[in-house]
Structure formats: structure tokens, C-alpha cells
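Chemist: Provided below are the primary sequence and the corresponding predicted coordinates.
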Amino acid sequence: MLSGKAMPESTYDQRLLDTRGSVEWLHQDPWRVLRIQSEFVEGFGLLAEVGPAVSVFGSARIKPGSEYYELAERVGQGLVEAGYAVITGGGPGIMEAGNKGANPGGLSVGLGIELPFEQQLNEHIDIGISFRYFFVRKTMFIKYSQAFVVLPGGFGTMDELFEALTLVQTGKITRFPIVLVGREFWSPLLEWFKGTLVAEGMISPEDPDLLHLTDDPEEVVRVIVEAHREENRRREETAVVEAAATEAGT
Ligand SMILES: C/C(=C\CNc1ncnc2c1ncn2[C@@H]1O[C@H](COP(=O)(O)O)[C@@H](O)[C@H]1O)CO
């Protein structure tokens, strides 16, 4: 309780409702925390009912008509035919191609990001949202995807790939398929993983196996579908074992 000199000159209501004065507080961390929280709430609310989904990542700079653009479009289409929604970063290039392949016919999701230059979500999106914070957006990709498909790209794509790899490698998330599309583009990186990272003991010899490498959009879908069948089979087995243990009173 405050009394005497310690009493503020105005009430909380007066301060809340007063529009004059400094707006500096808008840029302070406690206020930012609320913004971050609201971004999580909005994302969770929008994506909760998306159903099985796969994220497709890759360069923002690839143009329609190029080899990688067409490949991403076929990947998007194949995923939708197999019953998955397609989630992308909602921007141009590979993101646009993945959304285009998914739409019409399937659910096409774009998780955009506010950038210093003006930028809109691409036009092939059914559910779209623009995030202010990269780390909130990344949480959404991971939480609502059953697999990651990664086409050629630059720093943004590498960031998304290595985030997923680290989470799977460290067991922070259940192992899920990460498929690299484009043998010629990705092979040097995989060779470096084995020749340098494994050789120098920076990663385990089995870590490169967390990645599947292919050029074939049909194989992308096959790898993901099979991984999920296997996962479901394992879950059912575990449920049966647990039920038997409960029945036996152990
Ligand atoms: C470069 C241009 C636009 C950038 N717009 C983006 N919109 C949404 N998401 C983006 C954007 N740029 C990068 N990303 C994310 O990173 C990945 C692509 O980055 P890369 O460096 O091009 O590989 C992508 O998967 C996005 O999630 C103007 O054309």
C-alpha cells in the first residue's frame, strides 16, 4: 500500500487513459514481451487446425520458370496429393512455388516475416500471417510441420535447415524427416559434413543420416509418407505394450 508522499499524483486509470506524454514505454522490453506473447497466441490460434503439414523452404530469389521453382511447385503438389498442407515462408521464389503447387487442391499456408523493405505474402496462400519476430515464426514452422523439405537457398534457408537439424540431433523434438531437394546443390555440403565435421569429431558419424537427399519430388513425398507410417506403427506398438502393462498391474 502507498500513502502520504509515496502516493502517486495520478491514478492508474488516469495514466492509462491519458494520451499525452511520452510513448517511450512502447519500445521497452516489458512491452515487447507482450507483443511477442500476442504473436505466439495469434500464430497458435491460426494454425491449430491446419492438420498434417509439411514445410517447404528455399531461396526467396528464384524466379518463376527456373528449374528449382518448377521442382518446388511439383513438391507442393505432391504433398497436397498425399494429404499434407504445405507451409512456406509466404514470400517469393521457392516459397511462392511451394504455395502455388499446393493451391488449388490443398491447404496452402504462408508464414511471412516483416522485413525492412516492403513485402507482401505471395498470392497462392489460403492461410497467411506476417510475423514481426523470426523466432516466433520458426516456432510455428516446427510446431505445425511433420517434415521439412529444403530446396536450394541462401542464408535464410540454411538458418531454417540448421535449426531443424539441431533440434532433431539434440533430441529436443521427435525425429522427423528433413529432405534436401537438389543433389548437385546439396552434395558439397553433405561431403563437408562427412569429410570435415565427422572427421574432426564435431558431429557423430550417424548425424548426416538425419538428412535425405533427392532430386525427385515423388521420392520427397514417399520418404515423408513412409516415415509417418513407421512413426504411427511405433506409437501403436508402444500403446499396446503400455496397455498390456497397465492390465497386468505393473
Ligand atoms: C529477398 C526478397 C524477399 C525476401 N522475402 C522473404 N519473405 C519471407 N521469407 C523470407 C524472405 N527472405 C528470406 N525468407 C526466409 O528465409 C528463406 C529464404 O531465404 P534465402 O536467404 O533466400 O535462402 C525462406 O525459406 C524464408 O522462410 C526479395 O525477393
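Modeler: Sure, I can see it.
Chemist: use CA for all of it now, contacts and neighbours both
Modeler: Noted.
Chemist: helices or strands up against the helix or strand where residue 244 lies?
Modeler: If you go by DSSP states H and E, residue 244 is part of helix 217-247. Helix 217-247 is packed against helix 67-81, strand 178-181, with contacts defined by 3 or more C-alpha pairs under 8 Å, 6 or more residues apart in numbering; DSSP states H and E.
Chemist: who does the first one touch, helix- and strand-wise?
Modeler: Applying 3+ C-alpha pairs under 8 Å, 6+ apart, one finds that helix 67-81 makes contact with strand 53-57, strand 85-88, helix 94-102, helix 217-247.
Chemist: which one is the residue nearest the centre of the chain nearest to, not counting chain neighbours?
Modeler: Geometric centre of the chain, nearest residue: residue 141, 1.8 Å, by C-alpha atoms, centre = their mean. Spatial nearest neighbour of residue 141, chain neighbours left out: residue 55 (6.6 Å); criterion: C-alpha to C-alpha, 6 or more residues apart in numbering.
Chemist: mind listing what that neighbour touches?
Modeler: 86, 87, 88, 141, 145, 146, 147, 148, 149 (C-alpha atoms under 8 Å, 6 or more residues apart in numbering).
Chemist: what residues does the chain put near the ligand?
Modeler: Contact residues (C-alpha under 6 Å from any ligand atom) of the chain with the ligand: 57-61, 89-92, 112-113, 153-157.
Chemist: And the residue nearest to residue 141, how far from residue 248?
Modeler: The gap separating residue 55 from residue 248 is 42 Å, by C-alpha to C-alpha, to the nearest Å.
Chemist: on that earlier part again, using TSV, lay out the contacts of residue 55 together with pLDDT.
Modeler: Shown next, in TSV, are the contacts of residue 55 (pLDDT from 0 to 100):
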residue	pLDDT
86	98
87	98
88	98
141	97
145	96
146	94
147	96
148	97
149	98
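Chemist: My read is that the residue nearest to the centre of the chain contacts residue 86, right?
Modeler: No: between residue 141 and residue 86 there is no contact under C-alpha atoms under 8 Å: 10.6 Å.
Chemist: Point out where this protein drops to low pLDDT.
Modeler: 1-2, 175, 250 (pLDDT under 70).
Chemist: Assign a three-state SS to residue 30, would you?
Modeler: Recorded secondary structure, residue 30: helix (DSSP: H, G, I helix; E, B strand; the rest coil).
Chemist: dump the residue contacts of it.
Modeler: No contacts exist for residue 30 under C-alpha under 8 Å, 6+ apart.
Chemist: on that earlier part again, among the helices and strands packed on helix 217-247, which is nearest residue 164?
Modeler: strand 178-181 (7.9 Å; C-alpha to C-alpha).
Chemist: So what touches whichever helix or strand comes after that closest one?
Modeler: Following strand 178-181 in sequence order, the next helix or strand is helix 183-192 (DSSP H and E). Helix 183-192 is contacted by residues 152, 180, 208, 213, 214, 215 when judged by C-alpha under 8 Å, 6+ apart.
Chemist: rerun that using 7 Å as the cut-off
Modeler: 152, 213, 214, 215 (C-alpha atoms under 7 Å, 6 or more residues apart in numbering).
Chemist: Equivalent analysis for stretch 106-115, please.
Modeler: With C-alpha under 7 Å, 6+ apart, stretch 106-115 has contacts from 80, 85-91, 99, 102, 121, 125-132, 134, 137.
Chemist: Quick check: residue 56 touching residue 90?
Modeler: No: using C-alpha atoms under 7 Å, residue 56 makes no contact with residue 90, being 10.1 Å away.
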